[in-house]
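Novice: Structure, please.
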Amino acid sequence: VQATGDGSKKSDPAADAGTSAGAGSAADGDSKKPESGSKGGSGDPQSTTTYNGIKKGDVAVNAGESITAKGVTITSTPLEAGDSTFKQTACTTVTIQNSSGKEIDFNLLELSMLLPSGTIDNSSLFGSDNMLSAGKLIDGGSTTGDVCFEADIAAGGQFVVIYEPLSFFSQHREAWVNNF
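Specialist: As a prediction, this is how the structure comes out:
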């Protein structure tokens with residue numbers, strides 16, 4: 001399911017080609033095309049859920065859903081327990097598709113997780129052999145990789161994966177809510 005610019009949902013995230021960060025981050029690109037499902041308005045994605053700690057301007061969806069903003073579609077799968085060689089980890093597979101009309105940057109450091117305790121942790125370098133890297137995506141490009149956090153999801157509660165572009169031009173965060 002994909003949250004679109006008009007608040008509707010679309011069930012085929014692959015229908016939108018490419019997403020990633022624009023001039024600095026995945027959701028910062030300017031696109032002359034309206035967002036998928038938008039009616040020519042602002043093209044800003046709409047929340048389909050909420051979470052403790054949500055800020056004005058945040059876009060929140062359930063884990064597994066996609067968010068499209070400015071031609072960049074990002075999907076975060078539901079969290080799963082990762083490799084626990086050093087500590088307990090929780091991992092999500094993130095896919096970024098770029099159809100913004102320009103090259104964008106993406107970076108593992110743009111993702112963090114809000115834990116049930118209310119703390120926000122940065123991503124970890126441990127937990128998977130297929131970690132999302134940092135790089136650039138051309139228009140029409142796509143990348144997928146795991147993002148892991150030091151967390152024990154077996155303890156239960158609400159875990160929120162947050163995408164916050166490194167660019168200061170972005171006006172919102174994107175969030176994927178996992179309830180255990």
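
Novice: Flag the shaky bits of the chain, pLDDT-wise.
Specialist: Applying pLDDT under 70 to the chain flags the ranges 1-43, 167-171.

Novice: Mind listing what's buried along stretch 83-98?
Specialist: 88-98 (16 or more other C-beta atoms under 10 Å). Where you see a C-beta, it was placed from the backbone N, CA and C, and this is true even at glycine.

Novice: from those residues, which is closest to residue 60?
Specialist: Using C-beta to C-beta, residue 92 is the member of those that lies nearest residue 60, at 14.8 Å.

Novice: For residue 139, see how far away the closest one is.
Specialist: Distance, residue 92 to residue 139, by C-beta to C-beta, to the nearest Å: 25 Å.

Novice: residue boundaries of the strands in this structure?
Specialist: For the chain, strands defined by DSSP state E occupy the ranges 2-3, 9-10, 59-62, 66-69, 72-76, 80-81, 89-98, 104-106, 111-114, 120-122, 135-137, 142-150, 158-163, 174-179.

Novice: Present these as TSV; the columns should include distance to residue 50.
Specialist: Output for these, formatted as TSV (distance: least, C-beta to C-beta, whole Å):
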stretch	distance to residue 50
strand 2-3	13
strand 9-10	16
strand 59-62	6
strand 66-69	14
strand 72-76	16
strand 80-81	23
strand 89-98	19
strand 104-106	26
strand 111-114	12
strand 120-122	17
strand 135-137	30
strand 142-150	21
strand 158-163	10
strand 174-179	8
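
Novice: do you know which of those strands lies nearest residue 53?
Specialist: strand 111-114 (5.7 Å).

Novice: Give the other helices and strands that the closest one contacts.
Specialist: strand 120-122, strand 142-150, strand 158-163 (3 or more C-beta pairs under 8 Å, 6 or more residues apart in numbering; DSSP states H and E).

Novice: do that again at 6 Å, thanks
Specialist: strand 120-122, strand 158-163 (3 or more C-beta pairs under 6 Å, 6 or more residues apart in numbering; DSSP states H and E).

Novice: ok so, going back, greatest separation within the buried residues of stretch 83-98: which pair is it?
Specialist: 88 and 98 (32.9 Å).

Novice: Need the winner for burial among the helices and strands packed on strand 111-114.
Specialist: Ranked by mean neighbour count, those are led by strand 158-163 with a mean of 23 (mean count of other C-beta atoms under 10 Å).

Novice: I'd like the distance from residue 110 to residue 179, if you could.
Specialist: 23 Å.

Novice: hmm, I was thinking of residue 160
Specialist: 10 Å.

Novice: now swap in residue 156 and tell me
Specialist: As judged by C-beta to C-beta, residue 156 and residue 179 stand 9 Å apart.

Novice: higher neighbour count, those two?
Specialist: A count of neighbours by other C-beta atoms under 10 Å puts residue 179 above the other of residue 156 and residue 179, at 14 against 10.
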